[in-house]
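Chemist: Give me the fold of what follows.
(4 chains)
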2 protein chains.
Amino acid sequence: MATTRKRVTLLDVARHAGVSRATASLVVRQSPLVGETTRQRVVEAMRSLGYVYNAGAARLRRGTSRTVGVIVPNLRNPFFAEMLDGIETVFDTEDMAVMLANTHEDRAKQDAFVRRMREHDVDGVIVCPAAGSDESFLETTDTLGLTVVQALRWISQDRSDYAGTNYADGMRQAVEHLKELGHRRIAFVAGDRQHSAFRDRLEGYRNAIGPEAETIVVKVPLTHEDGRALAGTLMRQTPPSAAICFNDVVALGLLRGLFDLGVDVGRDFSLVGFDNVPEAALSRPALTSVTTNPFAIGEAAARLLLRRLADPEGAPKRTIEPTRLVIRESTGPCPESQAHAPKRRG
Amino acid sequence: MATTRKRVTLLDVARHAGVSRATASLVVRQSPLVGETTRQRVVEAMRSLGYVYNAGAARLRRGTSRTVGVIVPNLRNPFFAEMLDGIETVFDTEDMAVMLANTHEDRAKQDAFVRRMREHDVDGVIVCPAAGSDESFLETTDTLGLTVVQALRWISQDRSDYAGTNYADGMRQAVEHLKELGHRRIAFVAGDRQHSAFRDRLEGYRNAIGPEAETIVVKVPLTHEDGRALAGTLMRQTPPSAAICFNDVVALGLLRGLFDLGVDVGRDFSLVGFDNVPEAALSRPALTSVTTNPFAIGEAAARLLLRRLADPEGAPKRTIEPTRLVIRESTGPCPESQAHAPKRRG
DNA sequence: CTGAAAGCGCTTACAG
DNA sequence: CTGAAAGCGCTTACAG
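Modeler: The predicted model follows:
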């Protein structure tokens, strides 16, 4: 159990070392103004007294807290966990502390978190805005005087820094890969949430499909279960010969659902996911997927915030990580273009 | 961009409302001592001035920060992300802020985080100790006067609260399930890290196997790749007829590796994972796995910390979540006990 | 290089 | 129910 003792203050340290409090403060902050022997004495006093720096008191006086907030919509999605890892890694090397909040895509919670973080005096926040967030969120943070960097999803790229990834280009690569394999009826399995990461992909899909081919957009919640259940409805009537999924979570569900129906993915049907999660390499067939590097996005967001804190003025900046299609076993030539009817096992 | 303005203080609010600072403070803290009309006036003043409570200043005076630290060894493991979700959910309802750190299993980092958090004056920390942590870690936190709750892995159950899950019993269920299917040579695919979550499983395995059967422990890093690569070595010579994996990550890798070798898992070989991650239901064959509920463990850890903060004295407490075997397609009768030689697909 | 003083924004007794 | 004062532990000028 932790024993609660009276706090050792800088004044205690100063007395013990026989110097003034100001001098002790300089030693704590590694100032070069203090002579080596004095410094040694103070350091020794800190050690023998068990002194712990009180960041809160310093922050009060100094006005900066060396603390940042991170707000994500869904911790359970490994994608965000990895992005968080990237953010955390950068701030760790800066000796800054990270305050975390999970909105579960709830905008009211998001507003509450932003305020709480402001009350705890974070220097700034990185936020992946909850679905449906609009400019009013940025007005809230403005009113609070809170510096914000948007990550992965953006509300406005004119009002605030943004670190993202090139979803549209990833989508283009996926569509072109399928077109080269002869596919013409390519579905986009989208989520049911409104945010830029959805709109960017959708736009990329529409542009890449082009006017000559048909556009097929189906919206389902982005879960394994919904992906799996989707297989039945997708294969009814005149089914597409290929599908691109919003993320690997829904793609992996759909893959299993198609297997349950006896569809031989990679031969009868082609499937592409997004995010290239580690499991994508393990599925049967292994999933073709668009790599988006969440760790790098997290790092980039953290650096944008650091930059902005160092230089609050200046135009909004953004960084866009590249995406890349990783081709595996789940995509293959369109059976129809080879003049075969789709085959089914069993 | 956030505009930095001079901070609005409680004194500004008090003046604007025509009351004293103390009265304004009482309103902020929702004290019943203030009359309704006065309260209204103060609230209105806060609103029109855009007042933001300064938690840091309050903490300095009051000595409690309404902030807790959470230290995990590996954010990328979905298991910890889910536990974190549970922790965060509880503290959110308590209006407390969560400070996050990721040790990457590095004990030196762990010590640094604990100190940093102490400097930021967290009320306590929840920590899943990095592999190899020993009592010296608890001595460090003791010296810092920091209240700690251990989660998932424990260093000592006598010195500090602990929230975990019943790994030994989960292991017992897994072994007995396999024994009932006729398996006698059952391997335990363990990780290469030293911590209680490993020792608990190992002990459960040894006890459940019993003296009549052979004990086969193989240690590999707990990654998809190492699991996949393990298939070759595991099936050489006189292979076991079944394996229980430390977690689903390595199990899913091994499953794919066995498929690559032509082993028909569920018939020729039986495989059990731990954690029952969502992907376990999706693999082919779907993976039999032991459910450990990380969200519930996270919630339990958070409640233990809340309890301890409210009542610092009292014996260390612990909560153990139950585990449960979920049987799917990856386990089946032992071929040898049916007098068949293991079959391999072409 | 060091010391004495003021102040960051709150809360806590203590009077009234 | 309200007001004046002190203090939480630090940092920041300002002298020396």
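Chemist: which phi and psi does residue A:325 have?
Modeler: Torsion angles at residue A:325 (phi, psi; degrees, to the nearest 10) stand at phi -80, psi 130.
Chemist: Can you report how many residues neighbour the residue nearest to it when sequence neighbours are not counted?
Modeler: Computed as Cβ to Cβ, 6 or more residues apart in numbering or on different chains, the closest residue to residue A:325 that is not its neighbour in sequence is residue A:173, at 4.1 Å. (Glycine included, C-beta is placed from N, CA and C.) The number of residues packed near residue A:173 is 19, by other Cβ atoms under 10 Å in any protein chain shown.
Chemist: May I have the helix or strand where residue A:173 lies exported as PDB, CA atoms only?
Modeler: Residue A:173 is located in helix A:167-180, with elements delineated by DSSP states H and E. Extracted in PDB, the C-alpha atoms of helix A:167-180 (Å, rounded to 0.1, in the frame of the first residue of the first chain):
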ATOM      1  CA  TYR A 167      -8.200   6.900 -48.800                       C
ATOM      2  CA  ALA A 168      -9.200   8.000 -52.300                       C
ATOM      3  CA  ASP A 169      -6.000   6.800 -53.800                       C
ATOM      4  CA  GLY A 170      -6.200   3.500 -52.000                       C
ATOM      5  CA  MET A 171      -9.700   3.100 -53.400                       C
ATOM      6  CA  ARG A 172      -8.500   3.900 -56.900                       C
ATOM      7  CA  GLN A 173      -5.800   1.200 -56.600                       C
ATOM      8  CA  ALA A 174      -8.400  -1.300 -55.400                       C
ATOM      9  CA  VAL A 175     -10.800  -0.500 -58.200                       C
ATOM     10  CA  GLU A 176      -8.200  -0.600 -60.900                       C
ATOM     11  CA  HIS A 177      -6.800  -3.900 -59.700                       C
ATOM     12  CA  LEU A 178     -10.300  -5.400 -60.000                       C
ATOM     13  CA  LYS A 179     -10.900  -3.800 -63.300                       C
ATOM     14  CA  GLU A 180      -7.700  -5.300 -64.700                       C
END
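Chemist: tell me which strands and helices that helix is in contact with?
Modeler: Judged by 3 or more Cβ pairs under 8 Å, 6 or more residues apart in numbering or on different chains; DSSP states H and E, helix A:167-180 is in contact with strand A:186-190, helix A:196-209, strand A:242-245, strand A:270-275, strand A:288-291, strand A:324-326.
Chemist: Of the ones you listed, which is nearest DNA strand D?
Modeler: DNA strand D lies closest to helix A:196-209 among the helices and strands packed on helix A:167-180, at 38.6 Å (Cβ to the nearest atom of the strand).
Chemist: now the following helix or strand past that closest one, how far from the chain's geometric center?
Modeler: Later in the chain than helix A:196-209, the nearest helix or strand by DSSP H and E is strand A:216-219. Between the mean C-alpha location of strand A:216-219 and the chain-wide mean there is a distance of 24 Å, by Cα atoms, centre = their mean, to the nearest Å.
Chemist: neighbouring contacts of strand A:216-219?
Modeler: The contact list for strand A:216-219, computed with Cβ atoms under 8 Å, 6 or more residues apart in numbering or on different chains, reads A:185-192, A:202, A:205, A:230, A:233-234, A:240.
Chemist: ok, the nearest residue to residue A:242 once chain neighbours are set aside - contacts?
Modeler: Distances taken as Cβ to Cβ, 6+ apart place residue A:270 nearest to residue A:242, at 3.9 Å, with adjacent residues excluded. Contact partners of residue A:270, counting by Cβ under 8 Å, 6+ apart, are A:178, A:181, A:183, A:241, A:242, A:243, A:288, A:330, A:331, A:332, A:334.
Chemist: now, which of those sits nearest residue B:25?
Modeler: Among the contacts of residue A:270, residue A:243 lies closest to residue B:25 (Cβ to Cβ), at 59.4 Å.
Chemist: Chain neighbours aside, what residue packs nearest to that closest one?
Modeler: Residue A:243 sits nearest to residue A:187 (Cβ to Cβ, 6+ apart), 4.3 Å away.
Chemist: what bridges to the one you found?
Modeler: Taking DSSP bridges as the rule, residue A:187 bridges to residue A:216, residue A:243.
Chemist: Who does residue A:67 form a beta bridge with?
Modeler: Beta bridges link residue A:67 to residue A:97, judged by DSSP bridges.
Chemist: That one against residue A:125, yeah?
Modeler: No. Residue A:67 lies out of contact with residue A:125 (Cβ atoms under 8 Å); the separation is 10.2 Å.
Chemist: What residues does the stretch 151-300 of chain A have near DNA strand C?
Modeler: By the rule Cβ under 7 Å from any atom of the strand, no part of the stretch 151-300 of chain A lies against DNA strand C.
Chemist: What is the neighbour count of residue A:278?
Modeler: When counting by other Cβ under 10 Å, one arrives at 18 neighbours for residue A:278.
Chemist: thought it was touching residue B:227?
Modeler: No. Contact criterion Cβ under 8 Å: residue A:278 and residue B:227 do not qualify, at 11.0 Å.
Chemist: how about the helices of chain A, start to end?
Modeler: A:10-17, A:21-28, A:36-49, A:55-62, A:78-93, A:107-119, A:135-144, A:167-180, A:196-209, A:224-235, A:248-260, A:294-310 (DSSP state H).
Chemist: which residues are contacting the third one?
Modeler: Where contact means Cβ under 8 Å, 6+ apart, the residues beyond helix A:36-49 that reach it are A:8, A:12-14, A:16-19, A:23-24, A:27-28, A:34, A:51.
Chemist: likewise the fifth one?
Modeler: By Cβ under 8 Å, 6+ apart, the surrounding residues in contact with helix A:78-93 are A:68, A:70, A:72-75, A:97-98, A:100, A:126, A:128, A:151-152, A:247, A:275, A:277, A:292, A:294-303, A:306, B:75-76, B:78, B:80-81, B:100-102, B:109.
Chemist: how much does that helix deviate in direction from strand A:270-275?
Modeler: 30 degrees (axes from the mean of the first three to the mean of the last three Cα atoms, to 10 degrees).
Chemist: same check, this time on the second one
Modeler: Using the same axes, to 10 degrees, the interaxial angle of helix A:21-28 with respect to strand A:270-275 works out to 150 degrees.
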